[in-house]
Every structure is written in structure tokens, then in C-alpha cells.
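Participant: Quick one: sequence and predicted model below, then my questions.
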2 protein chains.
Amino acid sequence: MQDKLIELKRRLSEVDDLSSAAALLAWDQQTHMPPGGAEARGRQMATLQRLAHEKFTDEKIGYLLEELQRAGAGWAYDSDEASLLRVTQRQYTQATQVPASFVSEIVNHGSIAFNAWTTARAASDFAAIRPLLEKTLELSLRYADYFPGHAEPIDPFIDNSDYGMNAATVGLLFEQLREELVPLVRAIGEQPLANDEVLRRGYPEAAQIAFGEEVIRQLGYDFNRGRQDKTFHPFATKFSVNDVRITTRLDEKYLSEGLLGSVHEAGHAMYEQGVDQALEATPLASGTSAGVHESQSRLWENLVGRSRNFWIHFFPALQATFPDQLSDVSLETFYRAINRVEPSLIRVEADEVTYNLHVMLRFDLERALLNGELAVADLPAAWNARMESDLGLTPPDDRDGVLQDVHWFDGLIGGGFQGYTLGNVMSAQFFAAAQSAHPEIPDQIRVGSFDTLRGWLTENIYRHGTKFTASELVERATGGPLTIEPYMAYLTGKYGELYGL
Amino acid sequence: MQDKLIELKRRLSEVDDLSSAAALLAWDQQTHMPPGGAEARGRQMATLQRLAHEKFTDEKIGYLLEELQRAGAGWAYDSDEASLLRVTQRQYTQATQVPASFVSEIVNHGSIAFNAWTTARAASDFAAIRPLLEKTLELSLRYADYFPGHAEPIDPFIDNSDYGMNAATVGLLFEQLREELVPLVRAIGEQPLANDEVLRRGYPEAAQIAFGEEVIRQLGYDFNRGRQDKTFHPFATKFSVNDVRITTRLDEKYLSEGLLGSVHEAGHAMYEQGVDQALEATPLASGTSAGVHESQSRLWENLVGRSRNFWIHFFPALQATFPDQLSDVSLETFYRAINRVEPSLIRVEADEVTYNLHVMLRFDLERALLNGELAVADLPAAWNARMESDLGLTPPDDRDGVLQDVHWFDGLIGGGFQGYTLGNVMSAQFFAAAQSAHPEIPDQIRVGSFDTLRGWLTENIYRHGTKFTASELVERATGGPLTIEPYMAYLTGKYGELYGL
């Protein structure tokens, strides 16, 4: 059997080489590529992705998996071997379930819809995109049909990004969360708005970058196995456990964008850098789900990076870096500025508290669309009604309403949103568990020591890669199932104090 | 037939995608990759190169070539179609001639020899590397045996980099050149050495980069389809006709290294950027030989970039950029400094005139080794004797003698050097032809206009890609065969005046 396992790993490593190379091409495209390179780059990435897909869906991989699983009953569930077979089998089934011709159809439709969306969004013209969106819905339902046995059509989409979750469990969790969040946002809204003028005083880019890199270095992002570049949309990407890069976007007129954006991406990257080296170049060597990934970016960005303890440590250095802007500013003023809560129309600009309402709105609407409970024609009205009920705002037009995100307009509807809020919920549950194991963590953060926290996260989450599903990880790491309690306790504690509720 | 041609191009484009991706991975490795990424990167590049090789040597490509060539008698020799078949057939034959197992043997031996060389070179210990070099020679002879019909074992190696040339023709040309060069170097050596102290006054890196980029932009390097980064070893590389990048190395203590290095690499890159867009993603879309490639880097670096006319245009701007260093320096002093000739031990540090003596020494010695006329054991003595006779210098040890270049120590002996001097010879022949067609070129350079020259080069050389061999290109572009006359006329004219000969 050993030679079959070696052969499987050899094939998976080849697939990994191809997809890592495609990821580097994509990174270069967004960081350094001259404009002229775009056309050839599109062709090259498509070839690498196609070859990676061909090699991964090769029936020989299917045979190897079968034989190894038949023989491998002795391997423990959490062993590298059993995990490799289990996770590879799941991904293999997902990848081979949908015919290539249908994938092409989706890709073609997606690029037509995407182009139409850019025009429709600029013109705030939902009617123009409606027929294409109806076709997208139809394709999405056909996609779901390739995965029989699901309770709702959105379930296979959830499987793709948050394997093991489903509409029922996510829906229930979101219902509970929404019930508590809406009143909290309303209560905060009755208090005077925090002033964030201090963040808008003009912060030169080079100094922002240097400060941000020093911050994430102290958090534990390993620059020996990564680097940071500037891009229009920030992201984290990985070409190996030992080469995990992040990008950032800076705004000289708004300090927290770049600074906390770097911490967010470093959170994603520390997860990937923390995966066990033994899993390198296999399907086990990456973050396990969209939700768990987001839990790490949010944990570092919000629970750590927007905490008072964090700034007790970093604020003096920030003041020394920007004396003209900050020497007359108190830590408390700064802390309140970076934690300002204000209901707004646009998801990607939303604060920590209101953000989830944007996400849950989208999840509920796409679930309703897929379940046939909402017609595409009625989507804008449903969107606006929910914005009104949850955030007390009505979009002036569809551009700042239902047309704002690309997600539904580039090929498929479903599964693209729930991970953001699952991540927020998990971030607090993980942080609470870490703190319960190591009550000294807050004091350590206050003096700029992050090793205990990162060590706990590495031990309980990072090193496992995709071995465990999100639910398994939560259970193992926190001793119980996913629950909103730690998250609501965090929010009400923090914002209750900030807004005197 | 049209569908067979389309199928061939589709396969070649896929090969091109893979090798372009491998080239980007190599570029990233030298420019931006964090140190931790090295191991995975080696694996990824090897996979891409292997797949590119597998797909290029697929027997279906052989069949398609056969059928298309049988059917395509109507295509003109210089048509895109006939050229594609001719050049692809040649590369296909070269790639399929050597068994994969023998290629592995060479690669394995090469990596052992390379490691041993780094140690032996540091210790100046030729005896330590001698047995491995003997094995390299043996492997090289076996390699040559896979290409029956050659007159000398070095010929297949010359074919790989300078197709259409052979030992006899190159040897004859080099003999003529050496006969004229040795006395010229001796005559220059009898004159007082030019003073290049003005180049060593300390030039801050950022200003050097900005100035160098402005220079190559004016020459015609298209930053919309390229970019420049810093690396330890400068190079040009290409991922598409529309994405051709260069790198540079800067020395704050020696101005001409970075500045003329950028011009050199921009010369390589303008050649690649000038290839006809219709040839993109086929074997036709690159420079045609090592010699012709080097002719373009050298033409721009030396015939243009070290000319008085060039600096009549650029020197005032250089003085304005570095007033502290250059305001008291005359154009003439600067011109003499960048054209200082001084025999030296190390090839890569040699000036324009003596450089060829280093190259021809290596060519003659590797030819003699392969012909069995020189034993590996006698190589150091032969090296030193030739240094003495041609340059009047004796290496104090083998480190600065026979061990200085990696070429013979990384797997094979043969074909790695002649292109440098062929390029120098061609550079002058091409430049003379351009000037004879457009006598206004020198006056234009004096006022910073390079379009006529670049236009002539594009029309006569660049756009053709690999359609024509070096000899064909020279014949077509200059109206006659390759000859040393224009090159010697250039050298004796320029250096005769500079050194009052």
C-alpha cells in the first residue's frame, strides 16, 4: 500500500504545483504585471487551472483512493493518512460530479453576466440585468442538481466553501444572531456617534506601510515565508506553506483601512503559515473552510487589533510615527474612533457590528431565491425592505442596494456570503477558548506579546489544515458546538462599555 | 489542413503557457520570493518544465508536423505557416532526439558537479573537480552522439543556441578576429590608461534607477509591456510578446554597472517586444539565437550607449541628476571613463574590446576538449598560456582562471560561449547596415531620437522572431554574410581615436 500512497501523493503534488503556479500568476497580475501582459496572462492561468483540474480528476486518482481506503482501515481518523484520503475523496467527488461542459456553460454565462453587471451597476439599472440573473438562478439550480441528497439547493454551495454546514444549521444560527444584533445596533444608534476625525488627518503611505509591517511582524506573520505588496483589492494567497503572501490597500486619508487591513490579511496568512509542514503540497495543506479562515482574519483584526489592550501596546509607537497627527490624541479617543459603529448601505465599508446584518440579509435572500420563495423580479424590493428593518436605511438606488456586490453576478448564486458571519461567530468562540486555557492572554497583548495566543491557535486550528471540518474544529478546540454566545458576549461587552448601554 | 494547423497551434500555445509560467516563477524567485519559498518553487518549476517538455514532445505534434509539411508545399519560405512548421520541426527533432533517461543523467550529474564547483572554486582547487569534469566531458560526447552527421562534437551544442552555425565557420571567424584583436589590445595597452574615477564618486541607487529607466524609455523599451526590478544577476525574461521584463544590478560605487546594464538588458527586451504580435504563443515568438540576441543587447549598450553622440544627448541630464558628482566633469572625461580598456582576468568584468578574447579562449578550449585534442588534466595550463598570449596576464590561481565561469561545471561542455562574440560581431554589422540605409542615425542619436534605428532593427530583425536563422537574418538585413569587418572598423575607429593610435 505504501507505494500506492506515494503515487497518490506524487499526483496530488503535481496538481498542487500547477495550482500554486496559477496562484502566483494571479498574484503577479495584481501586484506587478505591466498592463500589456493581461491577455497572455488570462490564457496562461486558464491553461494551468485546466491542467490542474484534469490531473486532479484523472480516474487513476479515483482508483488509488478506492484501493487505499479499502486497505487503510487501520489509520486513525486524525492521522495524516486517513485525513488525506478522506479530504481528497471529498474534493475528488466534488470535482468529478459536475460535467466539464456544464462548467464551461457557467463560466461563459458568468463572464457575460459580469460584464452586464458592471454596466447595470453603474447605471443603477436592475431591470437590465434581471434576465441574466434569472438565467444565473436557473444554472445555479441545475448545478445543485448534480449533488443529489441535499435538503435545499443552497447546500451544495455551502459544502464548497464551508463543508459540513448546511442551510438549516446556518439559518438557525443566523436567526438567533439577528434577533440579538438588530436591537444592539438600534441601541447603539440612539447614542452619540463616535468621532473618527483623528483617523482622517493625513497619514503618509510609506510610514503607514512600515508601521503596519512592524505590527504584523510582532503578531507573528513570518516575512521569511511571506511578503506584503500593494493591490487595489487586498488579499492573502499562498504558493506553499512557506510562501504565503498578503497585499494591502492604503488610504492616506483614512488610517485604519491599511493598518487593520494588513492585520486582517495577516490573520489569513498566519493560518496558512501555521499548517503542519508535513502536509505541504497535499489537499490537507490549507485553511479548512471560508468560515474558519475568516475567523482568523477577524480574530486578529477585531478581537486583537481593535482591542484596547492591543493599542495600549501599539499606540505610543503609532504616536511616535505620526506625531503631527496624533500627539494631541488620547488612547481612548483613538480606540473609540477605530470602533465607531454606524449603520451604512455598503457591506464592505461596514463596521464590526453591523457587518453581519449585511451578510445575513444576503444569505437569506439567496436561500429564498434558490428555494423558489422569492422571484428575481422581487429581489430589489426584498433587499430594500430588509435594509429598512435591520439597519433602518433605505438604499436611494439599486447601485447602493442589490447591485453592490459582484457575487450573484459572476456565474452562480449561493454560498458566497455565510462564511463571513460564521467567521465572526467562530472568532469569538475560539478567542474565548484560548483565553480560558490561558487567562494571561489579555495581559500579554497589553505588553505586545502574542505568542501564547498564536501558539494556541496553531496547536488547535492552524496546524491541522483541512483535516477537520469547521464543526469538528470548533468542537475539538472549544469543547462544544458552534454557538453565538461568545460572540454576543464580546460585542455586548465591548460596545456596551463603549456606548454606555 | 486548416484545422490541423489550428490544432498544432493550440498544442504549441499550451506548451508556451507552461513554459511562460515557469519563466514567471523563475523571475519571481529572483525578484520578490521570500527565502522560505525556495523549496516549493524548485518543485513547481520542475513540474511546469517537465509538463511543457512532455506536451511538446507528444507524438501527436510529430504527426501534425508531418501531415502539414506534406500538404503545405504552397507556403512561401518566409510565411508564418512555413516558418512555424520549419522551426517547430527543428525544435521537435532536437527535443525528441535525446532520451529522457539520459537527460536525467545529465541533470543529476550537473547538480553534483555544480555543488562541487562552488567548493572547488572557493578553494581554487581544480584537482578536486577534475574527475567530475572528465565525466562531464564524457557525457557531453555522448550527448553529441545523439545528433549524427555533425562534423565535430561541438556542433550539436552550437545548434542549440546558434542554429545554423558550426565549429568550422565560427572557428574561422574567431581566428580572423583574434588576429586583429590581439594587436589592437596590445597597442591600446601601450597608451596611458583612461581614468574612470568619475564613475566611482558615489551615485545613490534611487536616482540611478530613475535615470536608467528614463534612458531606456527614450530608447524605446515599452514599460507598458515590461518592467524593471533589481536582482543579483541582471537578466531579461519574457512571458508574452507583451510582457518582457528586465532586471538590473546597481552599484553606488560604480555608475556604469547599473546604467549600461539596464541598456544592455533593454536591448534584449526590445528585441522580444518587437516580435510580430501574430507570432505570439508559438515557437516563432522569440529571439532567433544567442548570437543575434546578444547583438541587440550589445548594439544598444555599446554602439549606442557608449557612443559620444548618445552622451551628447544624455550627459547634461546626467549632470543635472548628479550635480555633486558630475558638475565639474566634461563630457569627454566621462566618455573616456565609460570606454576605458584594460586587460583583466575576469570575463564578466571585461571591457568591450578585451571581452572577446575571453570568449574565444573558452570556445577554442572547449572545442579542443570535445575533439580529444586537449585533456581535462591539461586544461588549467592551456587556459593560463592563452591568457598570457592574448591578454598578457597570468591568473594567480585557478579561481580567477579556469574555475571562474559556471558554464563547464553545471552539466555539459559546449556551445555556451560563442554567442557572446558572434553577437558583438553582428552588432556592428547590423548597425552599419542600419546607418547605410539611414545615414541620419548618428545625428538623431545626438538629439535623443532613436526611432529610426529601432524601426530599422524591428523591420529587419525583431519582428521576424525565429523565422530566420542568424545567418539568414544577417544576409537579409545586411546584404552579405557574417563578417568581422564592420566590427573591426568600429573598434579601430573608436578606440584609435580614443587612444590616439
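Facilitator: Received it, and whenever you're ready, just let me know what you need. Here the structure is a predicted model, which is why all the values come from computation and not from measurement.

Participant: Look at the nearest residue to residue A:119 once chain neighbours are set aside and say how many residues are nearby.
Facilitator: In this structure, residue A:119 finds its nearest non-sequential neighbour in residue A:128, 7.2 Å apart by C-beta to C-beta, 6 or more residues apart in numbering or on different chains. No exception for glycine: its C-beta is placed from N, CA and C like everyone else's. Residue A:128: 15 surrounding residues under other C-beta atoms under 10 Å in any protein chain shown.

Participant: what ranges of chain A fall below the confidence cut-off?
Facilitator: Within chain A, no stretch falls below the threshold (pLDDT under 70).

Participant: again, only using 80
Facilitator: When the per-residue scores of chain A are filtered using pLDDT under 80, the ranges that remain are A:72-73.

Participant: Near chain B, which residues of it are found?
Facilitator: Taking C-beta under 8 Å from any C-beta of the partner chain as the criterion, chain A approaches chain B at residues A:13-14, A:17-18, A:20-22, A:24-25, A:28, A:32-37, A:39-41, A:43-44, A:47-48, A:51, A:222-227, A:229, A:239-243, A:245, A:280-281.

Participant: Can you tell me which of the residues you listed are classed as buried?
Facilitator: Burial by neighbour count, judged by 16 or more other C-beta atoms under 10 Å in any protein chain shown, picks out A:13-14, A:17-18, A:20-22, A:24-25, A:28, A:32-34, A:36-37, A:40-41, A:43-44, A:47-48, A:51, A:222, A:225-227, A:229, A:239-243, A:245, A:280-281 from the residues of chain A next to chain B.

Participant: From those, which land in helices?
Facilitator: Secondary structure defined by DSSP state H assigns A:13-14, A:17-18, A:20-22, A:24-25, A:28, A:40-41, A:43-44, A:47-48, A:51 of those to helices.

Participant: what's the first-to-last distance across stretch A:368-385?
Facilitator: The stretch stretch A:368-385 measures 14 Å between its terminal residues, going by C-alpha to C-alpha, to the nearest Å.

Participant: Let me see the backbone angles for residue A:151.
Facilitator: For residue A:151, the backbone dihedrals (degrees, to the nearest 10) come out as phi -80, psi -30.

Participant: got the contact list for it?
Facilitator: For residue A:151, the contact set (C-beta atoms under 8 Å, 6 or more residues apart in numbering or on different chains) comprises A:166-168.

Participant: and the residue of the stretch 51-200 of chain A nearest chain B?
Facilitator: With distances taken as C-beta to the nearest C-beta, the stretch 51-200 of chain A approaches chain B most closely at residue A:51, which sits 7.0 Å away.

Participant: Tell me who's in contact with the residue nearest to that residue when sequence neighbours are not counted.
Facilitator: By the measure of C-beta to C-beta, 6+ apart, the closest residue to residue A:51 outside its immediate chain neighbours is residue A:18, 5.3 Å from it. Each residue near residue A:18 by C-beta under 8 Å, 6+ apart is listed here: A:48-49, A:51-52, A:55, B:47-48, B:51.

Participant: Among those residues, which one sits closest to residue A:434?
Facilitator: For those, the closest approach to residue A:434 (C-beta to C-beta) belongs to residue A:52, at 35.7 Å.

Participant: Relative to residue B:414, how far out is the closest one?
Facilitator: For residue A:52, the distance to residue B:414 (C-beta to C-beta, to the nearest Å) stands at 37 Å.

Participant: Give me the more crowded residue out of the two.
Facilitator: Taking residue A:52 and residue B:414 together and counting by other C-beta under 10 Å, residue B:414 has the greater number of neighbours (29 against 20).

Participant: separation between that one and residue B:172?
Facilitator: Residue B:414 sits 18 Å away from residue B:172, going by C-beta to C-beta.

Participant: same deal with residue A:392?
Facilitator: Relative to residue B:172, residue A:392 is positioned 89 Å away (C-beta to C-beta).

Participant: residue contacts, the closest residue to chain B within the stretch 351-500 of chain A?
Facilitator: With distances taken as C-beta to the nearest C-beta, the stretch 351-500 of chain A approaches chain B most closely at residue A:465, which sits 15.1 Å away. Contact analysis of residue A:465 by C-beta under 8 Å, 6+ apart lists A:275-276, A:279, A:284-288.

Participant: swap the cut-off to 6 Å and go again
Facilitator: For residue A:465, the contact set (C-beta atoms under 6 Å, 6 or more residues apart in numbering or on different chains) comprises A:275, A:279, A:284-285.

Participant: re earlier: and the contacts of residue A:18, which two are the farthest apart?
Facilitator: Across those, no pair lies farther apart than A:49 and B:47, at 14.5 Å, counting by C-beta to C-beta.

Participant: the helices in the stretch 251-400 of chain A, which residues?
Facilitator: A:255-273, A:290-298, A:308-321, A:323-326, A:331-337, A:355-370, A:379-391 (DSSP state H, counting those that start in this stretch).

Participant: Quick check: which of those is buried the most?
Facilitator: helix A:290-298 (a mean of 27; mean count of other C-beta atoms under 10 Å in any protein chain shown).

Participant: Please verify my assumption that residue A:124 contacts residue A:398.
Facilitator: Yes - in this structure, residue A:124 sits in contact with residue A:398. The criterion is C-beta atoms under 6 Å, and the distance is 5.0 Å.

Participant: So for those two, which residue has more residues nearby?
Facilitator: Looking at residue A:124 and residue A:398 with other C-beta under 10 Å, you find the greater number of neighbours at residue A:398, namely 21 against 16.

Participant: And that one, how close does it get to residue B:237?
Facilitator: Distance check for residue A:398 against residue B:237: by C-beta to C-beta, it reads 46 Å.

Participant: swap in residue A:441?
Facilitator: When C-beta to C-beta is the yardstick, residue A:441 and residue B:237 sit 47 Å from each other.

Participant: Could you do residue A:68 as well?
Facilitator: Residue A:68 sits 41 Å away from residue B:237 when distances are taken as C-beta to C-beta.

Participant: And for residue A:256?
Facilitator: 39 Å.

Participant: Likewise for residue A:341?
Facilitator: From residue A:341 over to residue B:237 the distance is 50 Å, taken as C-beta to C-beta.

Participant: Please apply the same query to residue A:7.
Facilitator: Separation of residue A:7 from residue B:237 (C-beta to C-beta) stands at 34 Å.

Participant: So between the two, which is more surrounded?
Facilitator: Looking at residue A:7 and residue B:237 with other C-beta under 10 Å, you find the greater number of neighbours at residue B:237, namely 21 against 14.

Participant: if I pick the more buried one, what's in contact with it?
Facilitator: With C-beta under 6 Å, 6+ apart as the criterion, the residues that contact residue B:237 are B:23, B:27, B:245.

Participant: any idea which helix or strand carries it?
Facilitator: strand B:236-240 (DSSP states H and E).
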